[in-house]
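Colleague: Pasting the sequence and the predicted model now:
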Amino acid sequence: MTTDVRTDGGSAGTTATDNGDLVLDAAGVTLRFGGVTSLNNVELRMHRGEVLAVIGPNGAGKTSLFNSLTGAYTPQEGRITYRPSQGGEHELLGRKPHLVSRLGVSRTFQNIRLFGALTALENVKIAAETRLKAGPVSIMLGLPNARKAERDSDRKAHEVLSFVGLVDKLNELAGSLSYGDQRRLEIARALATDPQVLLLDEPAAGTNPTEKLELEQLIRRINRDLGVSVLLIEHDMRLVMSVADRVMVLNFGKKIAEGTPSEVQQNPAVIEAYLGAVAEEDTAAVAETIAAHEAAETDADTDDTDDTDDSAGGSDGPGKERE
Ligand SMILES: Nc1ncnc2c1ncn2[C@@H]1O[C@H](COP(=O)(O)OP(=O)(O)OP(=O)(O)O)[C@@H](O)[C@H]1O
């Protein structure tokens with residue numbers, strides 16, 4: 001095991017990256033729903049310009065963490081400090097989602113949340129308008145600043161749709177786009193707010209292998225070309241291991257490990273957490289296989305009863321019981 005992988009949720013051992021420029025710095029984040037503790041004293045230190053992945057089995061607390069960072073949930077304890085590149089500090093804990101977004105922290109959702117009956121362009125323009133200055137009165141009266149705001153949001157929407165590769169589909173209804181395109185449109189919408197931190201919640205879910213590769217390239221370009229720090233929740237380990245600079249691992253609401261992709265892959269606590277999950281999936285898969293096998297045997301038995309040729313049904317030999 002390499003030395004600088006931390007296997008707890010606290011502030012153990014200083015690592016080379018600990019002193020870097022932190023864009024998000026959360027500590028002691030604890031979120032409870034009745035008797036369920038979905039986040040337990042979680043620490044997150046995200047360096048400006050990095051791609052940080054959050055992984056963990058189902059129910060580990062990944063989406064709860066995203067919801068806490070973006071104002072959808074208010075944890076009972078902890079602090080979440082955001083430091084934009086222009087200086088200053090903002091406490092995000094308890095802040096309303098639209099205000100978090102306005103500060104420069106935007107997100108996509110695990111379940112796509114587009115306006116299906118609006119075009120791709122309209123979906124992105126709505127997001128772009130949230131960062132413009134014109135108020136409802138100047139828009140209603142068609143004042144010059146409102147017309148400028150409209151032109152600006154239009155230009156911004158074209159720009160980001162072109163960046164994500166959807167400019168040729170800007171007049172198509174969001175609901176009629178392929179799943180992969182809808183995922184890209186969600187990313188475009190988040191980019192239209194000019195974020196410094198982009199949170200992607202399972203962006204590869206439901207996409208095909210080609211779309212996954214395109215997504216991988218898009219995440220790299222967002223990070224490298226736009227200089228956006230990316231926080232990524234993803235179950236597709238190939239994607240995570242290929243795009244993430246660092247990975248933090250949650251299990252049962254606690255951070256159990258953090259390090260480079262290759263470091264966490266070898267971490268015994270991570271292997272155990274995932275093997276547990278795999279074992280559960282295996283149980284379901286085995287149950288399905290047994291059910292299918294039994295159904296096939298029932299069919300075969302029915303066929304055997306009708307068969308007059310003794311040799312046809314006798315491969316098990318006389319008197320041998322089927323298992
Ligand atoms: N709004 C809520 N009300 C009650 N319990 C919640 C709520 N949101 C999350 N939880 C609970 O918190 C725990 C963590 O859930 P969360 O959705 O954050 O996990 P996850 O790691 O994102 O899972 P998945 O990979 O399946 O999306 C779960 O036990 C979940 O039932």
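Modeller: Happy to help now that I have it.
Colleague: doesn't residue 255 fall inside a strand?
Modeller: Yes. When DSSP: H, G, I helix; E, B strand; the rest coil is applied, residue 255 is found to be in a strand.
Colleague: list the buried ones in stretch 21-29?
Modeller: 22, 23, 24, 25, 26, 27, 28, 29 (16 or more other C-beta atoms under 10 Å). In this view, the C-beta of every residue, glycine as well, is placed from N, C-alpha and C.
Colleague: hang on, I meant stretch 150-167
Modeller: Result for stretch 150-167 [16+ other C-beta under 10 Å]: buried residues 150, 152, 153, 156, 157, 158, 160, 161, 163, 164, 166, 167.
Colleague: Inside strands: which ones of those residues?
Modeller: When DSSP state E is applied, the buried residues of stretch 150-167 are split such that none fall in strands.
Colleague: which one of the residues you listed is nearest the ligand?
Modeller: residue 164 (23.8 Å; C-beta to the nearest ligand atom).
Colleague: how many other residues sit next to residue 110?
Modeller: Number of residues near residue 110 (other C-beta atoms under 10 Å) recorded here: 14.
Colleague: typed the wrong thing, it's residue 219
Modeller: Considering only other C-beta under 10 Å, residue 219 is surrounded by 24 other residues.
Colleague: contacting residues around it?
Modeller: Residue 219 makes contact with 51, 200, 203, 230, 232, 243, according to C-beta atoms under 8 Å, 6 or more residues apart in numbering.
Colleague: would CSV of the residues you listed with secondary structure, pLDDT and neighbour count be doable?
Modeller: Compiled in CSV, the contacts of residue 219 are given as follows (DSSP: H, G, I helix; E, B strand; the rest coil; pLDDT from 0 to 100; neighbours: other C-beta atoms under 10 Å):
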residue, secondary structure, pLDDT, neighbour count
51, strand, 97, 23
200, strand, 97, 27
203, coil, 93, 27
230, strand, 98, 24
232, strand, 97, 24
243, helix, 96, 20
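Colleague: got CSV for the residues you listed, with distance to residue 41 too?
Modeller: CSV is the format used below for the contacts of residue 219 (distance: C-beta to C-beta, whole Å):
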residue, distance to residue 41
51, 25
200, 25
203, 28
230, 25
232, 22
243, 28
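Colleague: Name the nearest of those relative to residue 127.
Modeller: Ranked by distance to residue 127 (C-beta to C-beta), the contacts of residue 219 are led by residue 200 at 15.1 Å.
Colleague: tell me the contacts of that closest one?
Modeller: Counted by C-beta under 8 Å, 6+ apart, residue 200 has contacts 107, 108, 187, 219, 230, 231, 232, 233, 234.
Colleague: Against the ligand, how distant is the fifth one?
Modeller: This points to residue 230. Separation of residue 230 from the ligand (C-beta to the nearest ligand atom, to the nearest Å): 17 Å.
Colleague: same check, this time on the first one
Modeller: Look at residue 107 and the ligand: by C-beta to the nearest ligand atom, they are 13 Å apart.
Colleague: Need the nearest residue in space to that residue, chain neighbours excluded.
Modeller: residue 199 (3.9 Å; C-beta to C-beta, 6 or more residues apart in numbering).
Colleague: for the one you found, helix, strand, or coil?
Modeller: Residue 199 ends up strand, using three-state DSSP.
Colleague: my guess is it meets residue 109, correct?
Modeller: No. In this structure, residue 199 is not within contact of residue 109 by C-beta atoms under 8 Å, at 9.6 Å.
Colleague: Thought residue 54 was touching residue 233, still the case?
Modeller: Yes. Under the criterion of C-beta under 8 Å, residue 233 makes contact with residue 54 at 5.1 Å.
Colleague: Need the overlap of contacts for these two.
Modeller: 62, 66.
Colleague: tell me the contacts of residue 78?
Modeller: By C-beta under 8 Å, 6+ apart, the contact list for residue 78 reads 26, 27, 28, 29, 30, 41, 42, 93.
Colleague: Heading C-terminal from the host helix or strand of it, find the next helix or strand.
Modeller: With secondary structure defined by DSSP states H and E, residue 78 is part of strand 77-82. Sequence-wise, the next helix or strand downstream of strand 77-82 (DSSP H and E) is strand 90-91.
Colleague: Run through who's touching that next one.
Modeller: So strand 90-91 is in contact with 79, 80, 81, 82, 83, 84, 103, going by C-beta under 8 Å, 6+ apart.
Colleague: could you redo the last one with a cut-off of 7 Å?
Modeller: Outside strand 90-91, the residues that touch it by C-beta atoms under 7 Å, 6 or more residues apart in numbering are 79, 80, 81, 82, 103.
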